[in-house]
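> Give me the fold of what follows.
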Amino acid sequence: MPELIDLAQAFPETPIVMDHVGAPLGIGPYAGKRDEIFASWSKNVTDLAKCPNVHVKLGGLAMKLTGFGHHKLDIPPSSEVLAEDWKPYLMHCIEAFGPERCMFESNFPVDKASCAYTTLWNAFKRVAADFSANEKAALFHDTAARFYRIEDN
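You can find the predicted model right below:
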């Protein structure tokens, strides 16, 4: 992420999207170090959010590389479990960037190893439950439509 910060600062007029909340790692040498990794990741996210040309996609946390281990469960996790596990990451991004620079995303079919498509989106709805209607519109539609210049018909 520090390299992305450098890039965003070098090209402040260029719109940039950080995918998968920056893909915090939780496997291999990063396994068992969630608190340490979160501290470093969250500082980097806060620093990156100071670049107004950067937006963030909120998702990708169902990937195996994040180390949540949902893909190893006998029964797929519920949206409640996913929301609880992912909320610190999603909320930190939303607090740092604001809803107007955040967009929920799926990472299907890759995420299918850990959860169902509907379960993923229900987890996002749970995380966003206390947001205003305008904030939810930004997170679930408006930010992506604006960033990608998608016009509603």
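> Could you list the low-pLDDT ranges of this structure?
Within the chain, the ranges that satisfy pLDDT under 70 run 153.
> And the helices in it?
2-10, 34-49, 79-97, 117-127, 133-137, 143-147 (DSSP state H).
> what packs against the third one?
So the one you mean is helix 79-97. Counting contacts by 3 or more CB pairs under 8 Å, 6 or more residues apart in numbering; DSSP states H and E, helix 79-97 packs against helix 34-49, strand 54-58, helix 117-127. C-beta here means a position set from N, CA and C on the backbone, and glycine is covered the same way.
> So what's the residue count around A116?
14 (other CB atoms under 10 Å).
> tell me the centre residue of this structure?
Nearest to the mean C-alpha position of the chain, by CA atoms, centre = their mean, lies L58 at 2.4 Å.
> Out of the helices and strands packed on helix 79-97, which is the most enclosed?
strand 54-58 (a mean of 23; mean count of other CB atoms under 10 Å).
> That one pairs with which strands, parallel or anti?
Sheet partners assigned to strand 54-58 using DSSP bridges are listed as strand 16-18 (parallel), strand 102-104 (parallel).
> Show the backbone phi and psi for A128.
phi -90, psi 0 (degrees, to the nearest 10).
> And it, how far from P12?
29 Å (CB to CB, to the nearest Å).
> higher neighbour count, the two?
A128 (22 against 11).
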